[in-house]
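1. Based on what follows, work out the 3D shape:
(chains A and B)
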Amino acid sequence: MSNFKQFKKMFSAQLKLTLREKQAWFWGIFFPVILMVIFMVIFSGSSDDEFQSEIAIVADNPNPVSEMLLTQIDQLPILDVKSGEPVSRNTAEQWVKDQEVDAAIVLPESAEDTSFVLVVNKEDEQGVTTQALSAILDKIVQQANLSAVGATPTYDIQFESVTASTNELNYTDFLLTGMIALSIAQGGMFGMVDLVEMRRKGLIKRLRMTPAKMGIFGLSDMVMRLLFSIVQILLLSLIGVFIFGASLYINFFSLTIVFLIGALSFNALGYLISSFSQTQNAYMGVANIVSFLMMFLSGVFFPIETMPDWLQPVSNILPLTYFAEGLRDSMVYETGIFSSTLWFGIGVLVIWGAITFLLGSWLYKRKSIVATR
Amino acid sequence: MKVLEVTHLQKSFGAIRAVQDISFSVEAGEVFTIIGPNGAGKTTTLEMIEGLVTPDHGEIHFGDMNWGNHAVAIKMKIGVQPQSSAMFDLLTPEENLDLFATFYDKARPTEEILELINLTEHRKNQVKKLSGGQRQRLAIGLAMISDPDIIFLDEPTTGLDPQARRHIWDIILELKKLGKTTILTTHYMEEAEKLSDRVCIVDQGNIVTIDTPSALIEKLTKEREVRLAFLDGEEAAKVADVFANQLDSVSRTERDGSTLKLWTIKPEDTLLDLFKFTKEKEYQVEQVSIREMSLEDVFIAFTGKEWRD
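-> A predicted model of the protein is given here:
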């Protein structure tokens, strides 16, 4: 039978094996999707969730100063004035007590009066909202002071530091690419458990009794795994883009290279684990430890820069760090293939892949697992 | 015509000499059975012949082919059912057979194999849902998919119920009808006796003896055990016992209540004399039986070991 025909048959068998394996569906598709959705819901949310606070305004004696401040407050999108107009001090204090508003701002009683009062609930005294409000108010006062002495206001600029919607969008992109990297890496690290099972059940030995070309068999297996990973990329990207509003700018050529090298490298790592694991449980134990360490140390969920300094060198040798970065570069920043950082990352992945594969092959040979079991 | 010839095979694993010196040849079309206790070297011998394990010493020839120069050609010609009956559990019997068919230059149609191993009904069920006997039949089917001239079956019936074992016997006899050569290992003496043309007894890595089952039994002893049960009770048995001991052909007797056991080299003559005697005395004989010697007896005689299933 021709090589191509043999490949086609073997591939169709691999396809059926993968489609019928419930574990593959759970860990390869369901798990990463759920994990990503949870993280995105908790840590980013939609862009409507900017800092916003409902307040009450008390202006018992309207005067030019309070009028001016009121207009300024009205212009702030992050402050929502309850009932849309000033209320009496008593009403405002009642609202604060009942926590219907975050705070009440008491405007100056007269043009000569220069002090604001910020009324907050005792429970919220140390809260983030209170601090933010006080900071905002402080800015307003500064502006008022500046304009009183005739200085140029720099109002709007100072303001943007308070709303942070662009950063939130970045986190969605960050997490999306991190999750894609993680699912492909886990696919490789956990996927090779099949090899342990095939060896334990004697299936590898059985195949060696036939004239089957094992190279073609391995190739069909690899192609199947790569296709499965492409499905993961597509699914996670679609969810990220259409549900959570991630914005991707993809350089397909870079992405293809990073994807192929990364997927092969993590499969090589799985191959190494399979070479010294006698049982499925032993394999899963090792793969879990490796995958857990990498999950939190490789900048999948949070940037490496946020980790303690002494831990960062560890991150800098892990392959997943470079895989996630490579995917970010090629999927979010549209980095072309001539970027040196990209090639540095690819180089690290190649080294990892080569070392783990050679070590795995050596262990397989040395213990001549295939021959004696 | 010799289809397989092995000469002076030796194999050690560390300090354990699994196979010490094994030589035999197999004729085309015969069922050749290797029996022996666990650890006798049966599986190692088979695995060397199947090309999975390289012998330390000795030669293996399939006609004019050997593993060193004709590995692929030999694999095309032989079919193997290993003890583990490994296959793809998530595929159906049909898919497993189809997949294995692609490994070979020529293959028998899948439906034909399914028919032969009686799995047509289950061809669309995943293998993991099959029973032990059905799995084992599929393993034999996989060994036959390439229509090989030589088929190796390593303990094909171990752990199966009597019904399932009989199914597999039918398949082996069917293969014989097709002119295939079968090399079989088994734990069951009954099976070796029923199926094989020749039996090879292996113990501690050496061949103890090779011959046809009936010749082996013949070789062992001419003595048969005869058993008679008397309806007239102990008294009749006692009298018959005394009479039997006077006969030349009877070597010894044993009596248990109304049952008399005696060992004789001429069972026909002994029985004739005994029946004449009981007729005379008007004793009524309830049961008569002659126990055939089995391969199990041969095995015990040759290896000095009890047989364990």
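2. And the one residue in chain A that gets nearest to chain B, how close does it get to B:D154?
-> Per CB to the nearest CB, A:G202 is where chain A lies closest to chain B, at 3.5 Å. In this view, the C-beta of every residue, glycine as well, is placed from N, C-alpha and C. Applying CB to CB, to the nearest Å, the value for A:G202 to B:D154 is 11 Å.
3. what sits in contact with each of those two?
-> Taking CB atoms under 8 Å, 6 or more residues apart in numbering or on different chains as the contact rule, A:G202 and B:D154 both touch B:P82.
4. ok, the two, which is more surrounded?
-> The neighbour comparison of A:G202 against B:D154 (other CB atoms under 10 Å in any protein chain shown) goes to B:D154, with 23 against 17.
5. The stretch 51-200 of chain A: strands as residue ranges?
-> In the stretch 51-200 of chain A, the segments counted as strands under DSSP state E, counting those that start in this stretch are A:53-58, A:79-81, A:103-106, A:117-120.
6. Just name the most buried of these.
-> strand A:103-106 (a mean of 23; mean count of other CB atoms under 10 Å in any protein chain shown).
7. Run the chain-centre distance for that one.
-> Distance, stretch centre to chain centre, for strand A:103-106: 38 Å (CA atoms, centre = their mean, to the nearest Å).
8. Pairing partners for that strand, with directions?
-> strand A:53-58 (parallel), strand A:117-120 (antiparallel) (DSSP bridges).
9. Could you give the average pLDDT over it?
-> For strand A:103-106, mean pLDDT is 81.
10. cool, and stretch B:49-68?
-> Stretch B:49-68 carries an average pLDDT of 91.
11. What is the burial count for A:D194?
-> 21.
12. residue contacts, it?
-> A:D221.
13. Quick check: end-to-end length of stretch A:55-66?
-> One end of stretch A:55-66 to the other measures 16 Å (CA to CA, to the nearest Å).
14. Surely A:V231 is in contact with A:I29?
-> Yes - if you go by CB atoms under 8 Å, A:V231 and A:I29 touch, sitting 7.4 Å apart.
15. more crowded one of those two?
-> Shown here are A:V231 and A:I29; by other CB under 10 Å, A:I29 has more neighbours (16 against 12).
16. hmm, back to that, so which of the strands of the stretch 51-200 of chain A comes closest to A:S183?
-> Evaluated with CB to CB, the strands of the stretch 51-200 of chain A place strand A:53-58 nearest to A:S183, the distance being 38.4 Å.
17. what residue ranges in the chain score low on pLDDT?
-> Going with chain A. Along chain A, segments meeting pLDDT under 70 span A:1, A:44-52, A:111-114, A:125-126, A:150-169, A:367-373.
18. please go with chain B instead
-> Where chain B drops to pLDDT under 70, the residues are B:220-221, B:305-309.
19. what residues does it put near chain A?
-> By the criterion of CB under 8 Å from any CB of the partner chain, the positions of chain B lying close to chain A are B:13, B:50-53, B:72, B:75-76, B:80, B:82, B:84, B:86-88, B:90-91, B:95, B:98-100, B:102-105, B:126, B:146.
20. rerun at 7 Å
-> Within reach of chain A by CB under 7 Å from any CB of the partner chain, chain B has these residues: B:50, B:52-53, B:72, B:75-76, B:80, B:82, B:84, B:86, B:88, B:90-91, B:95, B:99-100, B:102-105.
21. Please list the residues outside whichever strand or helix holds B:L272 that contact it.
-> B:L272 belongs to helix B:267-281 when elements are defined using DSSP states H and E. Under the contact criterion CB atoms under 7 Å, 6 or more residues apart in numbering or on different chains, helix B:267-281 has outside partners B:224, B:226, B:239-240, B:243-244, B:247, B:249-250, B:264, B:285, B:290.
22. Next, check those residues against the helices and list the overlap.
-> Among the contacts of helix B:267-281, the residues falling in helices (DSSP state H) are B:239-240, B:243-244.
23. ok, residue 131 - how many residues close by?
-> Answering for chain A, as no chain was given. Neighbours of A:Q131 (other CB under 10 Å): 12.
24. actually chain B
-> 12.
25. Against chain A, how distant is it?
-> Note on B:S131: its distance to chain A, by CB to the nearest CB, to the nearest Å, is 17 Å.
26. What of B:G29?
-> 22 Å.
27. Could you verify my assumption that that residue touches B:L178?
-> No - contact criterion CB atoms under 7 Å: B:G29 and B:L178 do not qualify, at 9.3 Å.
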